[in-house]
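Novice: next input, structure requested:
(2 chains)
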2 protein chains.
Amino acid sequence: MTLFEQHKPLLDRAIQAIHERTYYAAFPEHPKAYGEDAPAAGSNTYKEYLNANFDLPSQGEPTAWKGEEVSPFTGEPLNIAYPIYKTDHLVSNALKAFEEWKHVKPAERYGLLAASLEKMKNHFFDIALATQHTTGQSWMMSFQASGPHAADRALEALAMGYYELTRFPEKVLWEKPMGKFSVKLEKTYEPKPKGIGLVIGCSTFPVWNSLPGIYASLITGNAVLVKPHPKAILPIAICVAAIQHTLTENGFGPNTVQLAADSAKHPITKELATHPAVKLIDYTGSTAFGNYIETIPGKTVFTEKAGVNSVIFDSVKELEPVLQNIAFSVSLYSGQMCTAPQNIFIPELVAVGDQFLSFDEVVTQLKDAFNNLVNNPKMGAGVLGAVQNEQTKERAFKAEGMGGKMWLASVAVKHEEFENSRTLSPVLLEAGAADTAIFESELFGPIAIAIRTKNTTESVKLSKELAAHQGAITCAAYSTDEAVMKMIKEEMEEVFTPVTFNLTGPIWVNQHAAFSDFHVTGGNPAGNASFTNPEFVIKRFVWVGSRKMV
Amino acid sequence: MTLFEQHKPLLDRAIQAIHERTYYAAFPEHPKAYGEDAPAAGSNTYKEYLNANFDLPSQGEPTAWKGEEVSPFTGEPLNIAYPIYKTDHLVSNALKAFEEWKHVKPAERYGLLAASLEKMKNHFFDIALATQHTTGQSWMMSFQASGPHAADRALEALAMGYYELTRFPEKVLWEKPMGKFSVKLEKTYEPKPKGIGLVIGCSTFPVWNSLPGIYASLITGNAVLVKPHPKAILPIAICVAAIQHTLTENGFGPNTVQLAADSAKHPITKELATHPAVKLIDYTGSTAFGNYIETIPGKTVFTEKAGVNSVIFDSVKELEPVLQNIAFSVSLYSGQMCTAPQNIFIPELVAVGDQFLSFDEVVTQLKDAFNNLVNNPKMGAGVLGAVQNEQTKERAFKAEGMGGKMWLASVAVKHEEFENSRTLSPVLLEAGAADTAIFESELFGPIAIAIRTKNTTESVKLSKELAAHQGAITCAAYSTDEAVMKMIKEEMEEVFTPVTFNLTGPIWVNQHAAFSDFHVTGGNPAGNASFTNPEFVIKRFVWVGSRKMV
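Specialist: Okay, the predicted model is just below:
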């Protein structure tokens, strides 16, 4: 049984899922599904990585070993060193691997890559700890986001890729009737990969944001260089190693994917991105660098940059469950998700059931919701996780100086498990509709701004303008009025921003489910790519049809 | 019966055809299929256009009436004036139309656009004369290229567009099991058009090269501005009018597509292309302007620029049918097709059946093949057609000065029907493999260069380099050796150039059939777009998914 045959049922189910878009998860999100011994085994494996070199021998002799990861929970360095290579060395390895990989048929590529996800599954628990102690995500979020959710998104990219690669026949007989005779041509159609793909990762979602690009480039026949953020290498290094081992075990050269680690002091991203052999770039990170990446000539680029996400508050049946939901969305991983809401547009008067509450009444209750969450000993620190870096912490602590009324300042929050954890409470700031300087940019981290508007029309107008000019990845809206909901949806969708209505309970606007939710639309300045629409895979290869007289 | 229902069988057949890629033609290419009276009726209609204003009343009051078309066959001006508008006026019309069109469902859009092709079909014979007397194509080529072949490519774009627009469900219930309960979201998926599409036409294929972009933008919900070359407006103006009339007759605003004519003296292309409301640009024309178009920030661009197409001559069974085929390919419409071969790479020794012929022997016979074709009173002038403009004629006449050995100089050819026709015979020049300055650029028009190489390996090396750096849309190759064919195919496909092997008889490398041959791969400098791969339509809209708590 080939790897393809072995993993074919999964492929069929995934292709069905991306086209049906109903609920599907190939990798269970509950840690319990992975067996009783898995957490302890993962913990042991994780400890073995610490204070050691992370070796990737197939990539050759490194020029240096470097590492600078520090746990946001303990404040301690992980003390792991990664092999550092010159750009030309990595590119030369990649080109060699590409010569083999580009000739591998899509079915065989799929079999190998699906097998690599199986191998990664055995590492979900060490990837979780690696993610936790580099990004600051809670253990549970680390497990889900870098484990099953990331693997689902990788499978989604594989399924979409396989579907598109095999969409046209490999060979046909074309017969044109010409009256008494016919002209016959044998035609072939080949999806030709573009070359080397570079995947540039970020420090907050080093796996979830990188796997789709890695797998999309690989399934379409490209070789891949993975350039992680120097502060969050381990989680994706484990994934790269899993793919390399899968390739080796099946008789393929492993350097089809390589880790291109660097350091903050000697960054190599620009050198890699501008190398003529690099044809594809997947990027997650700041808008400024993303805009630069998008303008490098001759590259096919997939970006996820910053966005300013809004909550549009129109009317609700009950206030409390709504405010709890919003407070949770903002607090989850301390607002360090690209999908976290920042600007909460609330009109002067909000219809709550049969009565009207004022802006101040609503914000007072929102403040309470934040406090209740943060001070809940069972939830608070767990939801907040830790802040990945000092700049984000300082941004929150300095929010007082931004102008606007301070409803909640950020304070240090005690984490029961990690006493040195960089955990802080969210800021709740008030701004007027005219105070655009306060809320018009992404304020990455745990900062929410309640914006006082005349009415929902003004809220929508401001949200729409921000999405059009600054980008937006999500928009949460609350309304009990079908006509208002229709208006909000139409207006926000015009600037290519998806709207989620009336969430309460254990589901949040931050969550984008594989196989169902497109992540980022690609239509506004928040990024030009979408996980995983057809464009995300088909721009990675070129259809070439050739013909032969029969 | 709605227009959609009426044209649904055609849609189903076309979607099947684009995925099967076997022979299919929705519009018969033989003029006889259109009835005995059609040619005379078309001729009368064409005469009514001459010496008159081409009015498009829905577009509003023009600022001027201008026209500068001159028949390459008669040398006489057509004396047709087209309405000239300010860019802001056209854009404002388009934005108004877009407000309506973007809300029309894909099925209804398809019904209307399929109906517009039916209406265009009634104009195939006047479009043919309009094409002939602006481009210089023979009547038969004008009929086929601007009539059935263009309509087939338009239908192909419609079918691909409809397929992609309806690929994901409009609405689903997403239900995530959460143990004792489940979270339910109602999700919607909408393909949102980007805005206004600009389609910039060329003087040689004003319909064939423009219809795919026009129909691809329209089916995906965008409004379209059609900017023809000032020397070839009439053919596409008839198409625009047909679409406008179809829209009006069915109760829709006609300005979803508008003619944006200009003059050589006051060009408006840059103004249109850089207008912020213009989001999509389809361009056919010179490399220099195409490169500029590709770098305008914030636009989604589809280009077909210049390419340098090669013939790779390795070995043949019989020489004569091969040389006849090549001579025809070069001569057809005087080499003014983007798919016409220019560089004919011939090694020192060519295996012909059991013997070997020298380069000189092969080129001598190639010269004979050219002469036989040009001097054949039944074919010559008909195959050559007329040269569209004076610059192309001068380029051919001045080929003597390029260096290299002149095997055939270009001379005026008498056209039986049109005594003033700008008809000339093709140039056949010889160059050495090292004389890249002679053959490395596109020499638009009837110029063929026989390049003397050491062997096929050198021929392939040169062809590949040219395709990589200058672009190539086609490559014809002749070999009797399977291993050599495999090598040529692999090498040329690496630079995203399709290869056609061993053509003889009534089929030529120049021809790209709708529903089967991708036209341009999009992977080399000849252009970034391909008729009609999925990318050609999906980049024109954005998937936006929204969610609502149930």
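
Novice: contacting residues around residue A:423?
Specialist: Contacts here follow Cβ atoms under 8 Å, 6 or more residues apart in numbering or on different chains; on that basis residue A:423 touches A:334, A:381, A:384-387, A:412-415. Using the backbone N, CA and C atoms, a C-beta is placed for each residue, glycine as well.

Novice: kindly recompute the last result at 10 Å.
Specialist: Taking Cβ atoms under 10 Å, 6 or more residues apart in numbering or on different chains as the definition of contact, the neighbours of residue A:423 are A:72-73, A:136, A:138, A:334, A:374, A:380-382, A:384-387, A:393, A:412-415, A:446.

Novice: which among those residues count as buried?
Specialist: Neighbour counting by 16 or more other Cβ atoms under 10 Å in any protein chain shown classes A:72-73, A:136, A:138, A:334, A:374, A:380-382, A:384-387, A:393, A:413, A:415, A:446 among these as buried.

Novice: residue in the stretch 301-450 of chain A with the shortest distance to chain B?
Specialist: Minimum separation of the stretch 301-450 of chain A from chain B (Cβ to the nearest Cβ) falls at residue A:325, amounting to 9.6 Å.

Novice: give me the neighbour count for that residue.
Specialist: As a burial measure, the neighbour count of residue A:325 was computed by other Cβ atoms under 10 Å in any protein chain shown and equals 23.

Novice: again, but for the one 10 residues further on
Specialist: Using other Cβ under 10 Å, residue A:335 has 25 other residues around it.

Novice: now for it: which residues touch it?
Specialist: A:309, A:329, A:341-342, A:384, A:387, A:392, A:396, A:426-427, A:443-448, A:510.

Novice: over to residue A:214?
Specialist: Residues near residue A:214 by Cβ under 10 Å, 6+ apart: A:113, A:116, A:154, A:157, A:197, A:199, A:201, A:207, A:222, A:224-226, A:236, A:239-240, A:243, A:257, A:282.

Novice: same deal with residue A:504?
Specialist: Residue A:504 makes contacts with A:316-318, A:320-326, A:478, B:549, as judged by Cβ under 10 Å, 6+ apart.

Novice: mind running it again at 7 Å?
Specialist: For residue A:504, the contact set (Cβ atoms under 7 Å, 6 or more residues apart in numbering or on different chains) comprises A:321-322, A:325, B:549.

Novice: could you dump the residues you listed into TSV with secondary structure and distance to residue B:94 added?
Specialist: Formatted as TSV, the entries for the contacts of residue A:504 read as follows, by DSSP: H, G, I helix; E, B strand; the rest coil; distance: Cβ to Cβ, whole Å:
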residue	secondary structure	distance to residue B:94
A:321	helix	45
A:322	helix	41
A:325	helix	42
B:549	strand	38
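
Novice: buried among those? Make that a ChimeraX selection.
Specialist: Under the burial definition 16+ other Cβ under 10 Å, those of the contacts of residue A:504 that qualify are selected in ChimeraX by:
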select /A:322,325 /B:549
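
Novice: of the contacts of residue A:504, just say which sits nearest to residue A:271.
Specialist: residue A:325 (44.5 Å; Cβ to Cβ).

Novice: distance of residue A:543 from chain B?
Specialist: Computed with Cβ to the nearest Cβ, to the nearest Å, the distance linking residue A:543 and chain B is 5 Å.

Novice: wait, what's in contact with residue A:290?
Specialist: So, once contact is read as Cβ under 7 Å, 6+ apart, residue A:290 ends up touching A:283, A:303, A:305.

Novice: rerun that using 8 Å as the cut-off
Specialist: Residues counted as contacts of residue A:290 (Cβ under 8 Å, 6+ apart) are A:283, A:303-305, A:527.

Novice: how close does the closest residue to it other than its chain neighbours get to residue A:108?
Specialist: Counting by Cβ to Cβ, 6 or more residues apart in numbering or on different chains, residue A:290 lies nearest to residue A:305, which is 3.8 Å off, once chain neighbours are set aside. Distance, residue A:305 to residue A:108, using Cβ to Cβ, to the nearest Å: 35 Å.

Novice: neighbour count winner among the two?
Specialist: Under the criterion of other Cβ under 10 Å, the comparison of residue A:305 against residue A:108 puts residue A:305 first, with 25 against 15.

Novice: show me where the stretch 301-450 of chain A has its strands.
Specialist: Listed from the start of the chain, the stretch 301-450 of chain A has strands (DSSP state E, counting those that start in this stretch) covering A:310-313, A:315-316, A:343-347, A:349-352, A:355-358, A:405-408, A:427-432, A:447-453.

Novice: in the fourth one, what counts as buried?
Specialist: Residues of strand A:349-352 classed as buried by neighbour count (16+ other Cβ under 10 Å): A:350-352.

Novice: what is the nearest of these to residue A:533?
Specialist: When those are ranked by distance to residue A:533 (Cβ to Cβ), residue A:350 comes first, at 35.6 Å.

Novice: residue ranges with poor pLDDT in the stretch 1-150 of chain A?
Specialist: Within the stretch 1-150 of chain A, no stretch falls below the threshold (pLDDT under 70).

Novice: measure stretch A:65-75 end to end?
Specialist: From the first residue to the last, stretch A:65-75 extends over 22 Å; the measure is Cα to Cα, to the nearest Å.

Novice: please list the residues of the stretch 101-250 of chain A that sit near chain B.
Specialist: Proximity of the stretch 101-250 of chain A to chain B is assessed by Cβ under 8 Å from any Cβ of the partner chain, with A:164, A:167-169, A:172-178, A:183, A:185, A:187-190, A:192, A:194 identified as the residues in range.
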